[in-house]
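1. here are the coordinates; sequence isn't available:
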Ligand code: PPS
């Protein structure tokens with residue numbers, strides 16, 4: 001099916017119908033933020049990783065939630081239908097995730113003390129991850145060839161729109177010290193150090209032992225075998241791990257196995273052009 005058939009449109013963006021509805025988007029707009037924390041990502045940048053990390057940090061490394069509650073209910077998406085179902089069970093401070101661009105955030109978010117953690121991943125790896133995810137997810141359009149998918153990604157013709165628009169929207173925020181930026185690559189490079197940075201942003205002073213426990217449980221290998229985290233509870237018609245597992249590779253730099261020199265040049269020149277004149281620079285060179 002086409003993206004149009006599989007999606008609903010919301011302020012010019014396409015969102016998967018399977019997990020989003022008019023009601024869920026209304027619920028998100030009316031959501032009352034308090035002293036919560038929300039991890040923000042363009043899809044395939046480390047969302048599910050943060051769904052694991054945040055409750056562990058907020059609960060001082062207590063593993064109960066990650067072993068008993070599926071990630072989508074434990075750290076729900078602001079914009080998805082499950083939030084309304086589980087909202088009353090979430091304990092304060094609540095941990096959420098979102099793929100919303102900044103200007104889609106509800107009024108209460110801006111008025112509250114809620115904190116945001118923006119996780120950015122090298123877009124060359126984002127597109128590769130997304131390409132495989134489009135093959136396995138029954139609620140997303142068939143990606144076509146990698147070359148065709150590259151054009152869709154660069155033109156913003158995918159769910160949640162253009163990568164550069166997403167990053168720019170969150171970089172130009174008015175949140176002051178209520179937002180921190182972190183990269184997927186930084187988390188891969190030294191997860192305990194990343195966990196310490198996130199904990200301190202959230203005002204949690206965790207012992208080295210707790211940081212070590214959290215890092216162990218949030219490694220790619222640990223998460224890929226956990227039923228509450230690896231989407232094995234989702235029927236195959238929606239997510240078919242025989243086509244490609246959700247926990248696919250979990251590395252930085254897999255793009256090198258996918259891009260031809262011509263594709264790399266097309267990708268780099270398009271992204272660099274869109275970043276021209278920006279007051280911030282990207283944390284990686286795209287060449
Ligand atoms: S989604 O569908 O938007 O929620 O996907 P998202 O969770 O943002 O991104 C999925 C990619 O993140 C990888 N991942 C991890 N990498 C390293 N360590 C851990 N613990 C981890 N958890 C998830 C996952 O494997 C996807 O990347 P690829 O490159 O496809 O493997």
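-> Received it, and whenever you're ready, just let me know what you need. Model, not experiment: these values are computed from the prediction.

2. contacts only, for the most centrally placed residue in the chain.
-> The centroid of the chain falls nearest to residue 47 when counting by C-alpha atoms, centre = their mean (3.0 Å). With contact taken as C-beta atoms under 8 Å, 6 or more residues apart in numbering, residue 47 is in contact with 39, 41, 97, 99, 119. Heads up, the C-betas are built off the backbone N, CA and C, glycines and all.

3. for residue 230, same thing?
-> Counting by C-beta under 8 Å, 6+ apart, residue 230 has contacts 223-224, 245-247.

4. so which of those wins on neighbours?
-> residue 223 (21 neighbours; other C-beta atoms under 10 Å).

5. work out for me the element it sits within.
-> Residue 223 belongs to helix 220-224 when assigned by DSSP states H and E.

6. for residue 20, same thing?
-> With DSSP H and E as the test, residue 20 turns up in no helix or strand.

7. okay but residue 67 is in contact with residue 229, surely?
-> No. Using C-beta atoms under 8 Å, residue 67 makes no contact with residue 229, being 9.4 Å away.

8. higher neighbour count, the two?
-> Each of residue 67 and residue 229 has its neighbours counted (other C-beta under 10 Å); residue 229 has more, 25 against 11.

9. just give the nearest non-adjacent residue to the more buried one, would you?
-> Spatial nearest neighbour of residue 229, excluding adjacent residues (C-beta to C-beta, 6 or more residues apart in numbering): residue 223 at 4.8 Å.

10. point out the residues in the protein that sit beside the ligand.
-> Residues of the chain lying close to the ligand by C-beta under 6 Å from any ligand atom are 41, 43-49, 125, 129, 132-133, 218-220, 223, 247-250, 254.

11. which ones among these are found in helices?
-> 47-49, 125, 129, 132-133, 220, 223 (DSSP state H).

12. is the residue nearest to residue 229 in contact with residue 232, as I believe?
-> No. Using C-beta under 8 Å, residue 223 is not in contact with residue 232; the gap is 11.6 Å.

13. give me the below-cutoff pLDDT ranges for the stretch 101-250 of the chain.
-> Residue ranges of the stretch 101-250 of the chain with pLDDT under 70: none are present.

14. which parts of it are strands?
-> Shown for the stretch 101-250 of the chain, the strands assigned by DSSP state E, counting those that start in this stretch span residues 115-120, 179-183.

15. what sits closest to the residue of the stretch 51-200 of the chain found nearest the ligand if chain neighbours are left out?
-> Residue nearest to the ligand within the stretch 51-200 of the chain (C-beta to the nearest ligand atom): residue 129, separated by 3.2 Å. In this structure, residue 129 finds its nearest non-sequential neighbour in residue 44, 4.0 Å apart by C-beta to C-beta, 6+ apart.

16. could you count how many residues lie near the one you found?
-> Neighbour tally, residue 44, other C-beta under 10 Å: 24.
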